[in-house]
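Enquirer: sequence first, then the predicted structure, then my questions.
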Amino acid sequence: DRWRRFVFEKPFGTDLDSARALNKELRSILREDQIFRIDHYLGKETVQNILVFRFGNSIFEPIWNRNFIDHVQITVAEKVGVETRGGYYDQAGALRDMIPNHIFQLITLTTMEPPVSFDGNAFRDEQAKILRAINPFSPEEVLHHAVRGQYAEGEIDDKPVPAYRTEEKVASDSRTETFVALKLMIDNWRWAGVPIYVRTGKRMATRHTDITVQFKQAPLMLFRETSIEKLPTNRIVIHIQPDEGITLHFGAKIPGLNLEMGAVDMDYNYSEHFGKTL
């Protein structure tokens, strides 16, 4: 008696109708518990650690909400262009290629309520609640809360790189975006009023993926008569790639007679602490 599993990576169809059609076809020959629709980002150690960091540490769990957090930023930046994937990419674009899968996974893990267990269905239910709570854009809001761009020719590391429209298998008049940024709002009790900024693109200055949780600024009244003009805001940065780890940014007094504050980083690096990453 053998149990067969069938794993499907994104893209799973091109829109809702095609995804439903693909589901219907799969269910005609497979049981639902044999089908695994996956996003390979979930295999990254730091992505899996988000829930442990949030829910397993009592110093962070109580402040992970609208009362303490000002905004969240999620960045997936790539230095490479489309390389040999121009035929696929020109049909998909940055938004469809990255936002509904990789970045929405990062959003849900960062903002979801604690599931009742590590059961897959319990996880899915809490993630689905976040997706349903994200406010859809009206046509007017798209103009104010979304940015699309396309890389032109230039230099990276002193080497010339071509424009997107001159890449192999890309239309010379293509309007497909290679960069997209969105301002999203989650309409639920925990995150009301907290913007979630996401951005992703190719041919960026550096290759990095991270989640930045920016906390609200502390009151300045205690330092009003001192040389401190502005308090640095606290941030937690979860580095997903290429260097997996977590950084806590906070303020500390600069040594000396004057009361001055400087920014301090407390770093945790996966490879240095555990010796390896997967």
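Expert: Done, it's in.

Enquirer: give the closest residue to residue 146 in space, chain neighbours not counted.
Expert: Counting by Cβ to Cβ, 6 or more residues apart in numbering, residue 146 lies nearest to residue 182, which is 5.3 Å off, once chain neighbours are set aside. All C-beta atoms are positioned from the backbone trio N, CA, C, and that covers glycine.

Enquirer: what kind of secondary structure is the one you found in?
Expert: Assigned by DSSP: H, G, I helix; E, B strand; the rest coil, the conformation of residue 182 is strand.

Enquirer: doesn't residue 142 fall inside a helix?
Expert: Yes. Assessed by three-state DSSP, residue 142 belongs to a helix.

Enquirer: quick check: residue 89 touching residue 96?
Expert: No. Here residue 89 lies out of contact with residue 96, judged by Cβ atoms under 8 Å, at a distance of 9.7 Å.

Enquirer: between these two, which one's more packed in?
Expert: Between residue 89 and residue 96, residue 89 has the larger neighbour count (other Cβ atoms under 10 Å), namely 23 against 18.

Enquirer: in what helix or strand does the more buried one lie?
Expert: For residue 89, the host element (DSSP states H and E) is helix 86-98.

Enquirer: what ranges do the helices span in the stretch 1-150 of the chain?
Expert: Assigned by DSSP state H, counting those that start in this stretch, the stretch 1-150 of the chain shows helices spanning 16-27, 45-55, 86-98, 104-111, 120-133, 139-145.

Enquirer: swap that for the stretch 151-278 of the chain, please
Expert: Secondary structure of the stretch 151-278 of the chain (DSSP H, counting those that start in this stretch): helices located at 270-274.

Enquirer: so where's it uncertain?
Expert: Residues of the stretch 151-278 of the chain meeting the criterion pLDDT under 70: 221-222, 225, 227-229, 275-278.

Enquirer: one step back: turn the helices of the stretch 1-150 of the chain into a markdown table, columns for distance to residue 202 and mean pLDDT.
Expert: Formatted as a markdown table, those follow (distance: least, Cβ to Cβ, whole Å; pLDDT from 0 to 100):
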| stretch | distance to residue 202 | mean pLDDT |
| --- | --- | --- |
| helix 16-27 | 25 | 93 |
| helix 45-55 | 21 | 83 |
| helix 86-98 | 7 | 91 |
| helix 104-111 | 18 | 94 |
| helix 120-133 | 25 | 92 |
| helix 139-145 | 22 | 94 |
